[in-house]
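> below are the sequence and a predicted model; questions follow.
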Amino acid sequence: MSCRSSRKISPVFTSNRSVNGDIQVIAKMKTMGHFSKIGRAELDSHADTCYAGATAAIIEYTGKTCYVSSFSKEYSAMQNILIIKAATAYDDAETGEMFMLIMGQALYFGDRMENSLLYPNQMRANGIVVDDVLMHLAPNGQSTHSIYVPGLKLHGCLSYLPTCLSTQNEIENKTWLILTNEIEWDPYASIFAESEEIAKSNIPTPQQE
């Protein structure tokens, strides 16, 4: 159990994605949100995928599922977790404008999770700049503590964005910010380690500088 909070177990691991014959891929699900559902979209580097919680509305099904297991074998894996495209509403505190934060290839937990989890590396793989270093802990103060634009807040030491469940009208008419795309996400693909080795090989040695 995480020492930070009794509400969350981390890290968590997901299985390979598999097709569920009982789930049909649909273009859009009509979901009516209620502003009584408010929460947080927290950055979580201990997860391996974005998780859509109670403040996320389903936009599309992928037709695939996976199972989710925790760090300990004492906890049973959760079976047949839906992989979806989801939206959660975020109000810019400075401008008052509402944005739809879009999570492609997210795992859907709905009311089973009060808050959503944003996996930084899945967003980075989509080209999003994620600076999750706290400003007061950054070397020489070089941190914006932001996702693309300044705006991250803190809940204890957890970085998050305040979000709420959106209505269908808002999903269709508000500006979308695509945090993660719809390309199938495999957090354990060999390309990550291969790309890291290439990046390391391109770092100049002291003799080359």
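Sure thing, it's come through.
> every contact and neighbour count from this point should use C-alpha atoms.
OK.
> mind listing the strands in this structure by residue range?
Ranges of strands within the chain are 12-14, 18-19, 38-43, 51-52, 57-70, 78-91, 98-108, 116-118, 130-131, 146-147, 149-150, 153-155, 158-164, 175-180, based on DSSP state E.
> winner for burial among those strands?
strand 51-52 (a mean of 30; mean count of other Cα atoms under 10 Å).
> save the strands of the chain as JSON lines, and put in distance to Ser195 too.
Shown next, in JSON lines, are the strands of the chain (distance: least, Cα to Cα, whole Å):
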{"stretch": "strand 12-14", "distance to Ser195": "21"}
{"stretch": "strand 18-19", "distance to Ser195": "26"}
{"stretch": "strand 38-43", "distance to Ser195": "23"}
{"stretch": "strand 51-52", "distance to Ser195": "25"}
{"stretch": "strand 57-70", "distance to Ser195": "26"}
{"stretch": "strand 78-91", "distance to Ser195": "26"}
{"stretch": "strand 98-108", "distance to Ser195": "21"}
{"stretch": "strand 116-118", "distance to Ser195": "22"}
{"stretch": "strand 130-131", "distance to Ser195": "19"}
{"stretch": "strand 146-147", "distance to Ser195": "23"}
{"stretch": "strand 149-150", "distance to Ser195": "26"}
{"stretch": "strand 153-155", "distance to Ser195": "31"}
{"stretch": "strand 158-164", "distance to Ser195": "27"}
{"stretch": "strand 175-180", "distance to Ser195": "19"}
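> so can I have a markdown table of those strands showing mean pLDDT and distance to Glu197?
Formatted as a markdown table, the strands of the chain follow (pLDDT from 0 to 100; distance: least, Cα to Cα, whole Å):
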| stretch | mean pLDDT | distance to Glu197 |
| --- | --- | --- |
| strand 12-14 | 63 | 23 |
| strand 18-19 | 64 | 29 |
| strand 38-43 | 90 | 26 |
| strand 51-52 | 94 | 28 |
| strand 57-70 | 89 | 28 |
| strand 78-91 | 92 | 30 |
| strand 98-108 | 94 | 26 |
| strand 116-118 | 94 | 25 |
| strand 130-131 | 90 | 21 |
| strand 146-147 | 86 | 26 |
| strand 149-150 | 63 | 30 |
| strand 153-155 | 85 | 33 |
| strand 158-164 | 89 | 29 |
| strand 175-180 | 93 | 24 |
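> nearest to Asn202, of these?
Of all the strands of the chain, the one in closest proximity to Asn202, counting by Cα to Cα, is strand 130-131 (22.5 Å).
> partners of that closest one, with directions?
According to DSSP bridges, strand 130-131 forms sheet pairs with strand 146-147 (antiparallel).
> what sits closest to Asn121 if chain neighbours are left out?
In space, and not counting its chain neighbours, Asn121 is closest to Ser45: 7.7 Å by Cα to Cα, 6 or more residues apart in numbering.
> residue contacts, that neighbour?
The contact partners of Ser45, by Cα atoms under 8 Å, 6 or more residues apart in numbering, come to 119-121.
> looking at the strands of the chain, which is nearest to Pro139?
Among the strands of the chain, strand 130-131 comes nearest to Pro139, with 12.9 Å by Cα to Cα.
> need the contact partners of that closest one.
With contact meaning Cα under 8 Å, 6+ apart, strand 130-131 is reached by 120, 123-124, 143-148.
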